[in-house]
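Trainee: Provide a 3D model corresponding to the input given below.
(one chain, ligands or ions: 1)
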Amino acid sequence: MPEATVRCAFITGGSSGIGLAVAKELVRRKADVLLIARDKNRLEQAAGSLISGRVDASGRIEPKPRVATLALDVGNPEQVKNLLLRAVQEFGEPDFLLNCAGEAFPDYFDRIPDALFEQTINVHLKGTWYVTKTLLPYLKKNQGIIVNVSSLAGLVGVFGYTAYSAAKAGVIGFSEALRSELVDEGIRIAVLCPPDTDTPGFEKENRMKPRETKAISASAGVLKPETVAQELFRGLSKGKFLIIPGFEARFTAWVARHMPVVVRWVMDRTIRNCRRQIQSV
Ligand SMILES: NC(=O)c1ccc[n+]([C@@H]2O[C@H](COP(=O)([O-])OP(=O)(O)OC[C@H]3O[C@@H](n4cnc5c(N)ncnc54)[C@H](OP(=O)(O)O)[C@@H]3O)[C@@H](O)[C@H]2O)c1
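Mentor: Model prediction:
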């Protein structure tokens, strides 16, 4: 995809982290951007940070591209349908959709309440479904691109992420099935599977992680959201369906696919060592 071919982007989870980094890249490429999330204040702040980057040499804010915000919960089908359809009328028909809204609550399986499991499925899996269903007619008409954000934890089940890995694996399955249904419709679908990325959401997650989860990710690097955004557009320009930012994450995903026993062995050994250390103190 050559630069600046996106005209109008809708980004769920656009007020923070990876979604905001993708929005910045799209604004740089002169696309109009609609940021979608629940918290209005954070949305306004995020939009302000994008607009302040669009000052011309004489100090005036350039009239294009446009940046707007929409407050909704992607897990609420009525809100999604009503508010997104109104946004299409008022802001324009999208030719790019990033389903990036998400949050994770890592913990031991038997300590995750059903309500948090449901919240996890609602935002990642049902949210992706509802938003895609509502916007698909416009994305089809405009020969657009849909990017669904999964995770490396959707390709490799990770300790402490029973709910999250299930939801993110679901996002990959959904995207693969939809890709084949739309293969001749001129619309593109890609799945982004980032590894650990330094965002406000990741920081919040780190405070909840079981010790074993921390031990597993201790040796892995952490990407910047801007790097994830750049790798997304590089992957799209190469026509990739599955986009895994970072060499280390691509290597892990490759080994997990071709030699899953190796990844399980390494993770199990790390977990046992971590438990031994906990018992010995
Ligand atoms: N950071 C990582 O290490 C990492 C790795 C792999 C995958 N991911 C995935 O990447 C995506 C972005 O994560 P991030 O790390 O950038 O997180 P983040 O900084 O916490 O941003 C999450 C965004 O999603 C929005 N959001 C959360 N729940 C929502 C809901 N129910 N409806 C609408 N918007 C909602 C948040 O705004 P409000 O709270 O105001 O709604 C915020 O804009 C997520 O899908 C995450 O699972 C992240």
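
Trainee: Just checking the helix or strand where residue 203 lies against the ligand, any contact.
Mentor: Take DSSP states H and E as the rule and residue 203 turns out to sit in helix 200-206. Yes - part of helix 200-206 sits near the ligand under the criterion CB under 6 Å from any ligand atom, namely 200-202. From N, CA and C alone the C-beta is placed, and that goes for glycine too.

Trainee: Over to residue 103. Which of the three states is it?
Mentor: Counting by DSSP: H, G, I helix; E, B strand; the rest coil, the backbone at residue 103 sits in coil.

Trainee: how near is it to residue 188?
Mentor: Separation of residue 103 from residue 188 (CB to CB, to the nearest Å) stands at 27 Å.

Trainee: one step back: for residue 125, state which of the residues of helix 200-206 next to the ligand is nearest.
Mentor: Checking these against residue 125 with CB to CB, the nearest one is residue 201 at 17.0 Å.

Trainee: Let me know the pLDDT of the residue nearest to that closest one when sequence neighbours are not counted.
Mentor: Spatially, and ignoring its direct neighbours in sequence, residue 201 is nearest to residue 17 (5.3 Å; CB to CB, 6 or more residues apart in numbering). Per-residue pLDDT puts residue 17 at 98.

Trainee: how close does residue 17 get to the ligand?
Mentor: With the distance defined as CB to the nearest ligand atom, to the nearest Å, residue 17 ends up 2 Å from the ligand.

Trainee: tell me which element residue 33 falls in.
Mentor: Secondary structure here is read from DSSP H and E; on that basis residue 33 sits in strand 32-37.

Trainee: what separates that strand from the chain centre, distance-wise?
Mentor: Going by CA atoms, centre = their mean, to the nearest Å, the spacing between the C-alpha centre of strand 32-37 and its chain's C-alpha centre is 14 Å.

Trainee: Need the contact partners of it.
Mentor: 7-16, 19-20, 23, 26-27, 43, 46-47, 50, 64-72, 74, 87, 91-92, 94, 101 (CB atoms under 8 Å, 6 or more residues apart in numbering).

Trainee: For ChimeraX, what selects the buried ones among those?
Mentor: Paste this into ChimeraX to select the buried members of the contacts of strand 32-37, with burial taken from 16 or more other CB atoms under 10 Å:
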select :7,8,9,10,11,12,13,14,15,16,19,20,23,26,27,43,46,47,50,65,67,69,70,71,72,74,87,91,92,94,101
